[in-house]
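# Provided below for reference: sequence and predicted model.
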Amino acid sequence: MKLGAFSISLSVKDIHASRQFYENLGFSVFGGNIDQKWLIMKNGNALIGLFQGMFEKNIITFNPGWDENAQNMDDFDDVRAIQKQLKEKGIKLESEAAENTSGPASIGLTDPDGNSILVDQHR
């Protein structure tokens, strides 16, 4: 199963304070819009999303079809194929992609410890 780029999406209280903190750790802004209260920060291959007021808990995020530089990958598993594999393994999904579609879609699931996972395909 090829899940694509990995990042952690953090629910933050103050986007400006969080940006400064992660910049002090060597991260730089890679994407997003601070006026909309979300940023993607990058340090080497490490990606952290900072999101103020968008969700309650931190989320483990995978982006099928993208590498860690948000560049398209030729060889990847479509989110609907990933969804099918997970369902075949008996994994409960919190949200599903429409099976008879193509392009951008996402699925959500929760690991045994309550950690939220988002598989979010942008292409």
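Noted; the coordinates are in hand.
# hey, let's count contacts and neighbours off CA atoms from now on
Noted.
# Got phi/psi on the closest residue to residue 14 other than its chain neighbours?
Among residues not flanking residue 14 along the chain, residue 52 sits closest, at 6.5 Å (Cα to Cα, 6 or more residues apart in numbering). In terms of degrees, to the nearest 10, the main-chain angles of residue 52 are phi -100, psi 120.
# Please report how far residue 52 lies from residue 23.
Noted for residue 52: a distance of 17 Å to residue 23, by Cα to Cα, to the nearest Å.
# so what's the residue nearest the centre of the chain up against?
Closest to where the C-alpha atoms of the chain average out (Cα atoms, centre = their mean) is residue 61, at 2.7 Å. Shown in contact with residue 61 (Cα atoms under 8 Å, 6 or more residues apart in numbering): 6-9, 117-120.
# next one: residue 10
Residue 10 sits next to 48-51, 57-59 when contact means Cα under 8 Å, 6+ apart.
# which of residue 52 and residue 23 has more neighbours?
More neighbours surround residue 52 than the other of residue 52 and residue 23, with 20 against 15 (other Cα atoms under 10 Å).
# which residues does the more buried one contact?
So residue 52 contacts 11-15, 37-38 (Cα under 8 Å, 6+ apart).
# Looking at the contacts of residue 61, which is nearest residue 91?
Nearest to residue 91 among the contacts of residue 61: residue 117, at 12.2 Å, using Cα to Cα.
# thinking again about what came up before, as TSV, the contacts of residue 61 with secondary structure, neighbour count and pLDDT would be great.
Formatted as TSV, these follow (DSSP: H, G, I helix; E, B strand; the rest coil; neighbours: other Cα atoms under 10 Å; pLDDT from 0 to 100):
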residue	secondary structure	neighbour count	pLDDT
6	strand	19	94
7	strand	20	94
8	strand	18	96
9	strand	23	96
117	strand	20	97
118	strand	19	96
119	strand	24	97
120	strand	21	95
